[in-house]
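J.: how would this look folded up:
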Amino acid sequence: EEPLTTGELAAWYAIPEGTRDITPIWMAAIAPFGTPAFSQDEGQSKLPFIGPGDPVSLAEPWDATEALAFLERYAERIAALHAAAQEQGEVRYPREFRDGIGMLLPEAQQVRSASRALQLEFHTLAQEQDVAPLLANLQTRYKLGETLRHEPLLISMLVRIAVHSMLLNDVRELVAHRDLTDEQLVELQALVRQVDIHGQLPEAMLG
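T.: Next up, the predicted model:
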């Protein structure tokens with residue numbers, strides 16, 4: 001049965017009994033991407049993806065000097081995202097459904113900012129020929145977006161769509177501009193098949 005009250009919605013939203021709760025791990029990993037300092041870095045940056053810089057593509061090389069400096073400053077934070085993606089379990093960010101439209105959703109913005117930092121990492125790593133780090137980056141971005149998978153909120157679903165859309169665009173670029181082995185193509189195929197937004201549509205309308 002679908003929940004009809006905010007109390008029932010909170011019970012519906014809970015992690016199933018017997019499933020490992022990895023929410024604290026992900027909250028710690030994404031929190032640094034919601035700080036005023038990071039927002040200021042984003043606003044002042046001329047980089048692509050996180051700032052107003054021109055888009056870049058795997059089709060052409062670009063000067064990644066500033067990007068490398070940025071990624072070095074946030075290396076530990078980005079490493080924490082990759083580490084969180086290795087954990088098995090489910091995520092339910094704290095939600096006060098009784099607050100209605102006044103409910104705060106800081107994690108949604110943090111996921112969005114973290115995803116953009118990872119996209120910058122992807123295109124910076126792509127300056128080298130090693131494909132393995134690129135595949136790892138894509139897997140982390142998928143897991144990051146999936147932390148919003150069970151939220152009965154339209155805004156969260158839209159953020160998840162944005163994260164996965166950027167992911168799929170980079171998968172297309174990777175296939176088009178890199179020589180991949182059969183094993184790597186199989187890995188990408190499996191990743192793309194996991195991206196399923198439609199299943200969240202009825203859940204997103206519950207909130």
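
J.: Check what contacts the longest helix along the chain and list those residues.
T.: The longest helix of the chain (DSSP state H) is helix 154-177. Here helix 154-177 makes contact (Cβ atoms under 8 Å, 6 or more residues apart in numbering) with 57-59, 105, 108-109, 111-112, 115-116, 119, 122-123, 126, 131, 134, 138, 141-142, 144-146, 148-149, 151, 180, 185, 188, 191-192, 195, 197, 200-201, 204-205, 207. Bear in mind the C-beta positions are built from the backbone N, C-alpha and C, glycine included.

J.: Show me these that map onto helices.
T.: Checked against DSSP H, the contacts of helix 154-177 include these in helices: 108-109, 111-112, 115-116, 119, 122-123, 134, 138, 141-142, 144-146, 185, 188, 191-192, 201, 204-205.

J.: Quick one: buried ones out of the residues you listed?
T.: Restricting these to buried positions leaves 108-109, 111-112, 115-116, 119, 122-123, 134, 138, 141-142, 144-146, 188, 191-192, 204, with burial counted as 16 or more other Cβ atoms under 10 Å.

J.: on that earlier part again, so the longest helix of the chain versus helix 106-125, what angle?
T.: Relative orientation of helix 154-177 and helix 106-125, computed by axes from the mean of the first three to the mean of the last three Cα atoms, to 10 degrees: 10 degrees.

J.: Alpha carbons only: can I get helix 154-177 in PDB?
T.: Coordinates of each C-alpha in helix 154-177 appear next as PDB, following Å, rounded to 0.1, in the frame of the first residue of the first chain:
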ATOM      1  CA  LEU A 154      10.600  15.200  -7.500                       C
ATOM      2  CA  ILE A 155      13.500  17.500  -6.800                       C
ATOM      3  CA  SER A 156      15.700  14.500  -5.800                       C
ATOM      4  CA  MET A 157      14.700  12.600  -8.900                       C
ATOM      5  CA  LEU A 158      15.600  15.600 -11.100                       C
ATOM      6  CA  VAL A 159      19.000  15.800  -9.500                       C
ATOM      7  CA  ARG A 160      19.500  12.100 -10.100                       C
ATOM      8  CA  ILE A 161      18.500  12.500 -13.700                       C
ATOM      9  CA  ALA A 162      21.000  15.300 -14.200                       C
ATOM     10  CA  VAL A 163      23.800  13.200 -12.600                       C
ATOM     11  CA  HIS A 164      23.000  10.200 -14.800                       C
ATOM     12  CA  SER A 165      22.600  12.300 -17.900                       C
ATOM     13  CA  MET A 166      26.100  13.700 -17.500                       C
ATOM     14  CA  LEU A 167      27.300  10.200 -16.900                       C
ATOM     15  CA  LEU A 168      25.700   8.800 -20.100                       C
ATOM     16  CA  ASN A 169      27.100  11.600 -22.100                       C
ATOM     17  CA  ASP A 170      30.600  10.800 -21.000                       C
ATOM     18  CA  VAL A 171      30.100   7.100 -21.700                       C
ATOM     19  CA  ARG A 172      29.100   8.100 -25.300                       C
ATOM     20  CA  GLU A 173      32.300  10.200 -25.600                       C
ATOM     21  CA  LEU A 174      34.400   7.400 -24.200                       C
ATOM     22  CA  VAL A 175      33.100   4.900 -26.600                       C
ATOM     23  CA  ALA A 176      33.500   7.300 -29.500                       C
ATOM     24  CA  HIS A 177      37.000   8.500 -28.800                       C
END
